[in-house]
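Peer 1: Sharing a model that was predicted from the sequence below.
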Amino acid sequence: MKKVKGSFWALFSAFALAATPAQACWTSAEQDAARIANMNQMLMVSALRCRFGNDNFLSSYNSFVRQNNDVLADQHGIIKARYARSMGEKASFAELDRFMIALANYYGGGHGDPDCAKLDKLSRELSRGKQDVKLLAQLADDVVGVPHQAKHACAITVASRK
């Protein structure tokens, strides 16, 4: 009986993995966009939480957003396009909204105490001018990582030449 049960679960797991749609995975560009969105939401929420202390970085955060609004908007566009591919254009707006709200709620819900001094320094660095997407993605990965919604990376396939 144990052998049958084990075989059933192995077969079930194989079908469950095979049934997972390709859209469930995130490409590296989509994961970078999610990292950047994650860092931006963390900075926004933390700037609001730190604004009454010694390390108020709200103005440098706002400067970062103003100078990099097109970069941040492009990254949101990448996430929205991912949702549009997997659930349709109409639903993609709501799904992007849910994604961003979930990130903000994660940080706004009291996740840890932000190190306001450290975030002030980061925010001042970011506010010095227009940032490169690759640099922002790497920095975001170091600071906050990829959010759990975007953890499942797409498998990389390498075509062989015959």
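Peer 2: Now that the structure is in, tell me what you want to look at.

Peer 1: what is the mean pLDDT for stretch 89-96?
Peer 2: With pLDDT averaged residue by residue, stretch 89-96 scores 93.

Peer 1: Any buried residues in that stretch, and which?
Peer 2: 92, 95-96 (16 or more other C-beta atoms under 10 Å). All C-beta atoms are positioned from the backbone trio N, CA, C, and that covers glycine.

Peer 1: Just want the most central residue of this structure.
Peer 2: residue 34 (2.3 Å; C-alpha atoms, centre = their mean).

Peer 1: Name the helix or strand for it, please.
Peer 2: helix 28-50 (DSSP states H and E).

Peer 1: if we can go back for a sec, give the contact list for the residue nearest to the centre of the chain.
Peer 2: If a contact means C-beta atoms under 8 Å, 6 or more residues apart in numbering, then residue 34 has 26, 79, 99, 146-147, 149-150 as its contacts.

Peer 1: coming back round to it: out of the buried residues of stretch 89-96, which sit inside helices?
Peer 2: Of the positions in these, 92, 95-96 sit in helices, assigned by DSSP state H.

Peer 1: Next, format those as CSV and append distance to residue 46.
Peer 2: Shown next, in CSV, are those (distance: C-beta to C-beta, whole Å):
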residue, distance to residue 46
92, 28
95, 25
96, 22
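
Peer 1: Tell me the one of those nearest residue 136?
Peer 2: Within these, the smallest distance to residue 136 is 18.4 Å, found for residue 96 (C-beta to C-beta).

Peer 1: how much space is there between that closest one and residue 82?
Peer 2: To residue 82, residue 96 is 9 Å away according to C-beta to C-beta, to the nearest Å.

Peer 1: same check, this time on residue 146
Peer 2: Distance from residue 146 to residue 82, by C-beta to C-beta: 13 Å.

Peer 1: which neighbours do the two share?
Peer 2: residue 26.

Peer 1: Pick out whichever of those two has more residues nearby.
Peer 2: residue 82 (24 against 20; other C-beta atoms under 10 Å).

Peer 1: Does anything pack onto whichever strand or helix holds the more buried one? Which helices or strands?
Peer 2: Using DSSP H and E, residue 82 maps to helix 58-87. If you count contacts as 3 or more C-beta pairs under 8 Å, 6 or more residues apart in numbering; DSSP states H and E, helix 58-87 packs onto helix 28-50, helix 89-108, helix 116-126, helix 133-143.
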